[in-house]
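J.: turn this into a structure:
(one chain, ligands or ions: 1)
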Amino acid sequence: MLTFSIGDMTVTEICDIRSFDIPLTNIFPQSDYQKLQSHLHWLEPNLLRDGNVRLAVRSWLLKRNGRNILVDACVGNHKQRPARSDWHERNDTSWTEALADAGLQPEDIHIVFCTHLHADHVGWNTKLENGQWVPTFPNARYITGQSEYAHWEAEMAASDGPVGHGCFQDSVLPVMELGQMDLVTDGFQLADGLVLKLSAGHTPGHMSIYASCEGYTGVFCGDTLHSPIQMVQPGWSSAFCSDPLLARQTRITLLEDLCDTSRILIPMHFGNTGRCHVTRHKDVFMPVFLD
Ligand SMILES: [Zn+2]
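T.: From the prediction side, this is the model:
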């Protein structure tokens, strides 16, 4: 289990899918494998393998001042995701076991923050109980961006079929309908030292956390980056970005902000655990991994 500190805050990885592979051109439509040649020595095999990008799906558990905060809720169990076989009707206990290994039960979570409302970030928000989707974390406030929620609500209203693999219906609405969800805007303070920043592009209301504790800062960047490949090629937005150009701009702004500082980048999807500093080498951004 990966655990590290940002000042007096403890951060623990809660992994849902340890690794999966997706062809480079599928995830990054603008990509060109040749442009990665000079980086293969550090990308392969843990981040890139046989032309496939290796990714993970994880949450981060933040513990500070007696508060337990979950950042993103992965894929979850029992969800109907027929278009994604690896997400469909899962029955995997490793995520809840990892939470238990961190000393917590779902009842102990105070805040669930979703950087955005994609199906691999909201799944554990709810669980199936007697045929109904109910909040997995009965004592938590669930928090996400107001513009993010509004986007998916409008998408759903405009569509006859499931939107976003149906995750808004089964993993977001049941929480909202019980009054457990709060919609927030840029600058909202999730807890002491944890400030949310709108980082739109991947989705319209995507938000990141800037966590500053005792002089140390970590940025939970959500899907602003999927892979460190996007440090050397920050122009390669993912196929899942709603506005690829804005996603590119947001990514470059973030990398510039972190570059050659003590601030740590904390990703959700990197195929290794991925916590890193950002530096610049020969005109490209480069990660300096901390594990
Ligand atoms: Zn996403």
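
J.: can you list the residues that contact the strand or helix carrying Thr144?
T.: Taking DSSP states H and E as the definition, one finds Thr144 inside strand 141-145. Residues outside strand 141-145 that contact it (Cβ atoms under 8 Å, 6 or more residues apart in numbering): 110-117, 125, 135, 172, 175, 180-185, 188, 190, 196, 198, 205-207. (Glycine included, C-beta is placed from N, CA and C.)

J.: pLDDT score for Leu40?
T.: Reported pLDDT at Leu40 in the predicted model: 96.

J.: one more: Pro138?
T.: 98.

J.: can you pull the phi/psi pair for it?
T.: phi -70, psi -20 (degrees, to the nearest 10).

J.: how far away is it from Thr12?
T.: Pro138 sits 21 Å away from Thr12, going by Cβ to Cβ, to the nearest Å.

J.: of those two, who's got more company?
T.: Using other Cβ atoms under 10 Å, the more surrounded residue of Pro138 and Thr12 is Thr12, with 19 against 11.

J.: spit out the contact partners of the more buried one.
T.: Met1, Leu2, Thr3, Trp60, Leu61, Lys63, Ala102.

J.: for the longest helix along the chain, list every residue counted as buried.
T.: When every helix of the chain is counted residue by residue (DSSP state H), the longest turns out to be helix 244-258. Within helix 244-258, the residues scored as buried using 16 or more other Cβ atoms under 10 Å are Pro244, Leu246, Ala247, Arg248, Gln249, Thr250, Arg251, Leu254, Leu255, Leu258.

J.: packing partners for that helix?
T.: strand 216-220, strand 264-266, strand 276-281 (3 or more Cβ pairs under 8 Å, 6 or more residues apart in numbering; DSSP states H and E).

J.: contacts for the helix or strand where Leu40 lies?
T.: Applying DSSP H and E as the criterion places Leu40 in helix 40-43. The contact list for helix 40-43, computed with Cβ under 8 Å, 6+ apart, reads Leu36, Leu48, Pro228, Ile229.

J.: what's the answer for stretch 109-118, then?
T.: With contacts defined as Cβ under 8 Å, 6+ apart, stretch 109-118 is touched by 67-73, 121-122, 125, 137, 139-145, 148-149, 152, 164, 167-168, 172, 190-191, 196, 202-203, 205-209, 220, 222-223, 240, 268.

J.: that one: how far from the chain's middle?
T.: 9 Å (Cα atoms, centre = their mean, to the nearest Å).

J.: next: stretch 71-87.
T.: Mean-position distance between stretch 71-87 and its chain equals 14 Å (Cα atoms, centre = their mean).

J.: kindly report the same for stretch 219-232.
T.: Its chain's C-alpha centre and that of stretch 219-232 lie 10 Å apart, by Cα atoms, centre = their mean.

J.: and it with the ion, contact?
T.: Yes - counting by Cβ under 5 Å from the ion, the ion is contacted by stretch 219-232 at Asp223.

J.: begin at 11 from now on, thanks
T.: Understood, numbering begins at 11; the last thing we discussed is stretch 229-242.

J.: now intersect the contacts of helix 50-53 with the strands, please.
T.: Using DSSP state E, Leu58 are the members of these that sit in strands.

J.: sorry, back to before: next, the buried residues of the helix holding Leu50.
T.: For helix 50-53, by 16+ other Cβ under 10 Å, it's Leu53.

J.: all helices of the stretch 111-260 of the chain, in order?
T.: With DSSP state H, counting those that start in this stretch, the ranges of helices along the stretch 111-260 of the chain come out as 129-132, 156-167, 177, 183-187, 239-242, 254-268.

J.: Throw those helices into JSON lines and include distance to Gly225 and mean pLDDT, thanks.
T.: Shown next, in JSON lines, are the helices of the stretch 111-260 of the chain (distance: least, Cβ to Cβ, whole Å; pLDDT from 0 to 100):
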{"stretch": "helix 129-132", "distance to Gly225": "29", "mean pLDDT": "98"}
{"stretch": "helix 156-167", "distance to Gly225": "30", "mean pLDDT": "97"}
{"stretch": "helix 177", "distance to Gly225": "37", "mean pLDDT": "98"}
{"stretch": "helix 183-187", "distance to Gly225": "35", "mean pLDDT": "98"}
{"stretch": "helix 239-242", "distance to Gly225": "25", "mean pLDDT": "97"}
{"stretch": "helix 254-268", "distance to Gly225": "16", "mean pLDDT": "98"}
